[in-house]
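Trainee: the sequence and its predicted three-dimensional model are supplied below.
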Amino acid sequence: MKVLKFLIPLAIFLVMVGFFAKGLYNNHDPHEVPSPLIDKPAPEFALTRLDQPEQTIRRADMLGKVWMLNVWASWCESCRDEHPYLVEFAKLKALPIYGLDYKDQREPAQAWLAERGNPYDASLFDANGRVGIDFGVYGVPETFVIDKQGVIRFKQIGALTPEVLNGKVLPLLRKLNG
Amino acid sequence: MADPRRLLATLLLALGAALPALAADAPASAPSAAAAAASEATVKFEAPAARLTAADPALEARMLAITGELRCLVCQNQTIADSHADLAVDLRQEVREMLQRGQTPEQIRRYMTDRYGDFILYRPPLKASTAVLWLAPAALLLIALAALAVVIRRRARLSDDQFEPEPLLDDESIAVDRPVNLV
């Protein structure tokens, strides 16, 4: 009984330490909300190309290949940090990279790409952000990897880093293409 | 004068005082829709985004009642009704249009959770992953009550001489000499 008196508070304390440690050390970012879209079919979309307003790209056009959708905007600060990595990554030609130019205007967006390099096979122009909402976008940049069946397999919230590209995207790609 | 019954009464009083606080804790984390809607109605109709559609106050009130229960993913401690983040403005417009198309609040909430997950709900549903969140307060209360019962029962069995005599309070000695002036 005497021992219990010490063990019970100690046990409670250790459980609490466990919860706090998880919050502190598990790379926990409260802004990274687990997406319900993972392993779900990508939403339908039909958007014009940023550089060719007369050409429309639809979800169905993308079926049959593993591709990346990178949400960006010329007004987005962290996109500037991410962009050089994306330009380098595009040189690997590991997979087709499509941009989703989110709540932007055509002219500044095209100027932004001309200045910083264009890693995209094409950018979809989402002026009012409706497609962004369907993809559950709430912070730009965000990146999706979508498989041959049109299912979302990966989502990165926030800027891509070499660690994410090498550690998550490329291994996933090998799995999906293998 | 350490009567176990008096001790019991004191403990029950303390518990009685603590219970409302415990009860008040739970709903405080989930903002009431009505309160959110009411504060919106007074504050938000001045905002440009709201003014555009204030032509239909009934629709606006329904929209605010629904978005007042939804978390803004951009500024996570605000509701979508409250937030000025671009995404919140867009989502309020989306909800207005969904209501105009005759969709129910339930359909609108599903639309939101399909895209952003349960995190967007200020009242998360009871599921395996949220069971701890919902059940922990009740479980902790039960544990506390059980511990209280054990302590009280054990103390009730002790004889009076197990307790220290209560010290005479200063006031009590004074009160004997002269009556307390009750103003």
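Mentor: Right, received. Where do you want to start?
Trainee: ignoring the adjacent residues along the chain, who's closest to the residue positioned nearest the centre of chain A?
Mentor: Chain A has residue A:143 as the residue nearest its centroid, 2.0 Å off, counting by Cα atoms, centre = their mean. Closest residue in space to residue A:143, ignoring its immediate chain neighbours: residue A:156 at 4.2 Å, by Cβ to Cβ, 6 or more residues apart in numbering or on different chains. Any C-beta I mention is one placed from the backbone N, CA and C, and that applies to glycine too.
Trainee: doesn't that neighbour belong to a strand?
Mentor: Yes: Residue A:156: assigned to a strand according to DSSP: H, G, I helix; E, B strand; the rest coil.
Trainee: low-confidence bits of chain B, can you list those?
Mentor: B:1-54, B:168-183 (pLDDT under 70).
Trainee: what residues does it put near chain A?
Mentor: B:73-74, B:76, B:86-87, B:90-91, B:94, B:113-119 (Cβ under 8 Å from any Cβ of the partner chain).
Trainee: drop anything exposed from those residues.
Mentor: Among these, those classed as buried by 16 or more other Cβ atoms under 10 Å in any protein chain shown are B:73, B:74, B:87, B:90, B:91, B:94, B:113, B:115, B:116, B:117, B:118, B:119.
Trainee: the residue nearest to residue A:143 and residue A:167 touch, don't they?
Mentor: No: using Cβ atoms under 8 Å, residue A:156 is not in contact with residue A:167; the gap is 11.2 Å.
Trainee: next one: residue B:127 relative to residue A:153, how far apart?
Mentor: Distance, residue B:127 to residue A:153, by Cβ to Cβ, to the nearest Å: 24 Å.
Trainee: which of those two has more residues huddled nearby?
Mentor: residue A:153 (17 against 10; other Cβ atoms under 10 Å in any protein chain shown).
Trainee: which residues sit in contact with the more buried one?
Mentor: Counting by Cβ atoms under 8 Å, 6 or more residues apart in numbering or on different chains, residue A:153 touches A:38, A:39, A:145, A:146, A:147, A:172, A:176.
Trainee: likewise residue A:84?
Mentor: Residues in contact with residue A:84, defined by Cβ under 8 Å, 6+ apart, are A:116, A:117.
Trainee: just to be sure, it is in a strand?
Mentor: No: using three-state DSSP, the assignment for residue A:84 is helix, not a strand.
Trainee: mind listing what's buried in the least confident helix or strand in chain A by mean pLDDT?
Mentor: Every helix and strand of chain A was ranked by mean pLDDT, DSSP states H and E. The lowest is helix A:2-25, at a mean of 89. By neighbour count with 16+ other Cβ under 10 Å, helix A:2-25 contains no buried residues.
Trainee: surely residue B:99 and residue B:62 touch.
Mentor: Yes: assessed by Cβ under 8 Å, residue B:99 is found in contact with residue B:62 at 5.7 Å.
Trainee: between those two, who's got more neighbours?
Mentor: Taking other Cβ under 10 Å, residue B:99 and residue B:62 do not tie; residue B:99 has more neighbours (20 against 17).
Trainee: look up how far residue B:67 lies from that one.
Mentor: Relative to residue B:67, residue B:99 is positioned 11 Å away (Cβ to Cβ).
Trainee: please see if the least confident helix or strand of chain A touches chain B.
Mentor: No: shown here: helix A:2-25 not in contact with chain B (Cβ under 8 Å from any Cβ), separated by at least 9.4 Å.
Trainee: now stretch A:102-119
Mentor: Yes: Stretch A:102-119 lies within reach of chain B by Cβ under 8 Å from any Cβ, at residue A:103.
Trainee: pLDDT on that stretch, on average?
Mentor: Stretch A:102-119 comes out with an average pLDDT of 96.
Trainee: show me where chain B has its helices.
Mentor: B:4-28, B:33-43, B:48-51, B:57-67, B:86-100, B:105-116, B:131-157, B:170-177 (DSSP state H).
Trainee: same for the fifth one, what does it pack against?
Mentor: Right, the one you point to is helix B:86-100. On a contact count with 3 or more Cβ pairs under 8 Å, 6 or more residues apart in numbering or on different chains; DSSP states H and E, helix B:86-100 meets helix A:130-134, helix B:48-51, helix B:57-67, helix B:105-116.
Trainee: report the inter-axis angle for that helix versus helix B:105-116.
Mentor: Here the directions of helix B:86-100 and helix B:105-116 differ by 150 degrees (axes from the mean of the first three to the mean of the last three Cα atoms, to 10 degrees).
Trainee: just the CA atoms of helix B:86-100, as PDB, please.
Mentor: Taking Å, rounded to 0.1, in the frame of the first residue of the first chain, the C-alpha atoms of helix B:86-100 are listed here in PDB:
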ATOM      1  CA  ASP B  86      -8.600  34.500 -47.700                       C
ATOM      2  CA  LEU B  87      -9.500  30.900 -47.400                       C
ATOM      3  CA  ALA B  88     -12.200  31.700 -44.700                       C
ATOM      4  CA  VAL B  89     -13.700  34.400 -46.900                       C
ATOM      5  CA  ASP B  90     -13.900  31.900 -49.800                       C
ATOM      6  CA  LEU B  91     -15.300  29.200 -47.600                       C
ATOM      7  CA  ARG B  92     -18.000  31.500 -46.300                       C
ATOM      8  CA  GLN B  93     -19.000  32.300 -49.900                       C
ATOM      9  CA  GLU B  94     -19.000  28.500 -50.600                       C
ATOM     10  CA  VAL B  95     -21.300  27.900 -47.700                       C
ATOM     11  CA  ARG B  96     -23.600  30.700 -48.800                       C
ATOM     12  CA  GLU B  97     -23.900  29.200 -52.300                       C
ATOM     13  CA  MET B  98     -24.400  25.700 -50.900                       C
ATOM     14  CA  LEU B  99     -27.200  27.000 -48.700                       C
ATOM     15  CA  GLN B 100     -28.800  28.800 -51.700                       C
END
